[in-house]
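Undergrad: Provide a 3D model corresponding to the input given below.
(one chain, ligands or ions: 2)
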Amino acid sequence: MSILDCAIIGGGPAGLTAGLYTTRGGLENVTMFEKGMPGGQIINSSEIENYPGVTGEITGMDLMMPWPAQCQKFGLKHEMVNVLRISKKGDLFTIHSEDGSTREAHSVILGTGSSPRKAGFTGEDKFFGKGVSTCATCDGFFYKGKEVAVIGGGDTALEEALYLAKICSKVYLVHRRESFRSAPNTIKRVKNTRNIELVLNSLLEEVYGDESGVTGVRVKNKSGVVYNIGVSGVFTFVGNDVNNQTLIQEDGSFLCDINKQGQVIVDISMRTSVPGLFATGDMRIAAPKQVISAAGDGAVAALQAISYVDEHLG
Ligand code: FAD
Ligand code: NAP
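TA: Ligands and ions are numbered 1, 2, ... in the order given. I've put the predicted structure just below:
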């Protein structure tokens, strides 16, 4: 197999934009490695209203739908594989995939984003997929007319609580502090929604149920009072962990520099500490964690990758 000009790892907004700009910018042999459906984590969002120029009620899935076809038009290839590791020997990178295949590339753009974090309560693993979920658009419908709990106090928890409130009879929004870390307008909408009940300064200790699924949760508040709430479903939105696993080498070291949170250290051109390796989107330091910024990073990295490949291959 021929050596790739550029390998793009991850097909979210960052990876897809990198795919568009590298191919349209003249790189001829570019493959995007994406383990699932292209689009990234935003396809789980019930509504996006801050992508410039896209107005009206639109889901994350709707927003991302045309992106892969636009890239393919300029020649981007897509392989549906889980990349396990990226290594570098001399000037060449090797992409090691779960299916046992390897590909070589002159440059690599990483855009593997982040994954939902576990909240850590008892029963979280036991009931995951059977009453505990991290995706309201995927699973909300199963709880039509029922009562559910949402855990978390960030933008995701509040936005998804609003979405669930349209389907479910009641949403208990359980947050460990008094104040939320979300956009003021979103907080206002949550507070004004009749069937969202705020359960503040409270930690979810346990999700329990029977063979039919979840029947309730045990919550403990700051004063140590423990109480039960009867719900059929629990949606956890407690942040994300960086997907940096592909950078881990056989000896356990990381291919490039990362910070204590596992975020990849880049300069303003998305260059990592390793020449020819770029990191974009939610996985990089100081990421604004927005679709627009991830897409912007993808474009910046692609332009850099084109220059890098031109310089190296002449
Ligand atoms: P991601 O979107 O995480 O994409 C990474 C991709 O890489 C995934 O498709 C994944 O399958 C793939 N991947 C990971 N590891 C591998 C591997 N080893 N091999 C192959 N493929 C791999 N932002 C906004 O601007 N507005 C919003 O309204 C908004 N709402 C949101 C609502 C929700 C519910 C969530 C979860 C996020 C929301 N965000 C929103 C944030 C936004 O989705 C992210 O900032 C953005 O998707 C980051 O893009 P990314 O390309 O960096 O990574
Ligand atoms: P986040 O901002 O990190 O918020 C996570 C929330 O979960 C926090 O409120 C945190 O509490 C709580 N939490 C963390 N661990 C917990 C645990 N073990 N038990 C209980 N609660 C726990 O994550 P996010 O809401 O997913 O947002 C991620 C990023 O994407 C943010 O930058 C966000 O702005 C962005 N985003 C943007 C939009 C938008 O622009 N419309 C939509 C969604 C997401 P504390 O507050 O006490 O820390």
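Undergrad: list the contacts for the residue of the stretch 1-150 of the chain found nearest ligand 2?
TA: Ligand 2 sits closest to residue 119 of the stretch 1-150 of the chain, with a gap of 4.3 Å, by C-beta to the nearest ligand atom. C-beta coordinates here come from the backbone N, C-alpha and C atoms, glycine included. Residue 119 makes contacts with 151-152, 204, 236, 238, as judged by C-beta atoms under 8 Å, 6 or more residues apart in numbering.
Undergrad: what does residue 203 give?
TA: 121, 174, 176, 219-221.
Undergrad: Selecting buried members of these in ChimeraX, what would you type?
TA: Typed into ChimeraX, the line below selects the buried ones among the contacts of residue 203, using 16 or more other C-beta atoms under 10 Å:
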select :121,174,176,219
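Undergrad: From the contacts of residue 203, which land in strands?
TA: 174, 219-221 (DSSP state E).
Undergrad: out of those, who's nearest residue 52?
TA: Nearest to residue 52 among the ones in strands among the contacts of residue 203: residue 174, at 33.5 Å, using C-beta to C-beta.
Undergrad: So for the closest one, what's the nearest residue that isn't a sequence neighbour?
TA: Spatial nearest neighbour of residue 174, excluding adjacent residues (C-beta to C-beta, 6 or more residues apart in numbering): residue 199 at 4.5 Å.
Undergrad: Could you name the helices and strands sitting against the helix or strand hosting residue 159?
TA: Secondary structure from DSSP states H and E places residue 159 in helix 155-165. Under the contact criterion of 3 or more C-beta pairs under 8 Å, 6 or more residues apart in numbering; DSSP states H and E, helix 155-165 touches helix 136-139, strand 147-151, strand 170-174, helix 184-191, strand 196-199.
Undergrad: Put the alpha carbons of stretch 7-17 into CSV.
TA: Provided in CSV are the C-alpha atoms of stretch 7-17 (Å, rounded to 0.1, in the frame of the first residue of the first chain):
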residue,chain,number,x,y,z
ALA,A,7,-3.6,10.2,8.1
ILE,A,8,-6.4,11.8,10.0
ILE,A,9,-7.4,10.0,13.2
GLY,A,10,-11.0,10.7,14.2
GLY,A,11,-14.0,11.8,12.2
GLY,A,12,-15.6,14.5,14.4
PRO,A,13,-15.8,18.2,13.4
ALA,A,14,-12.0,18.5,13.7
GLY,A,15,-11.1,15.4,11.7
LEU,A,16,-13.7,16.0,9.0
THR,A,17,-12.6,19.6,8.5
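Undergrad: Which residues of the chain lie near ligand 2?
TA: Within the chain, the positions near ligand 2 by C-beta under 6 Å from any ligand atom are 50, 119-120, 151-157, 159, 176-177, 181, 237-240, 289-290.
Undergrad: ok, of the contacts of residue 119, which come out buried?
TA: Listed as buried from the contacts of residue 119 are 151-152, 204, 236, 238; burial here means 16+ other C-beta under 10 Å.
Undergrad: would you list these in CSV and tack on pLDDT?
TA: Converted to CSV, the buried ones among the contacts of residue 119 look like this (pLDDT from 0 to 100):
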residue, pLDDT
151, 98
152, 98
204, 97
236, 97
238, 97
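Undergrad: On the pLDDT front, check residue 255 for me.
TA: We have a pLDDT of 98 for residue 255.
Undergrad: quick one: contacts for the nearest residue to it once chain neighbours are set aside?
TA: Using C-beta to C-beta, 6+ apart and skipping the chain neighbours, the partner closest in space to residue 255 is residue 247 (4.5 Å). Contact criterion C-beta under 8 Å, 6+ apart gives 85-86, 110, 254-256, 258, 264 as the residues in contact with residue 247.
Undergrad: try residue 266
TA: Taking C-beta under 8 Å, 6+ apart, we find residue 266 in contact with 272, 278-279, 284-285.
Undergrad: Three-state assignment for it, please.
TA: At residue 266, secondary structure determined by DSSP: H, G, I helix; E, B strand; the rest coil is coil.
Undergrad: same question, residue 94
TA: Per three-state DSSP, residue 94 ends up strand.
Undergrad: burial of it, as a residue count?
TA: Using other C-beta atoms under 10 Å, residue 94 has 15 neighbouring residues.
Undergrad: Check what pLDDT it gets.
TA: Predicted confidence (pLDDT) for residue 94: 98.
Undergrad: residue ranges with poor pLDDT in the stretch 201-314 of the chain?
TA: Applying pLDDT under 70 to the stretch 201-314 of the chain picks out residues 314.
Undergrad: Identify the residue spatially nearest to residue 218, adjacent ones excluded.
TA: Per C-beta to C-beta, 6+ apart, closest to residue 218 is residue 206, 4.3 Å.
Undergrad: you'd agree that neighbour is up against residue 120?
TA: No: in this structure, residue 206 is not within contact of residue 120 by C-beta atoms under 8 Å, at 11.0 Å.
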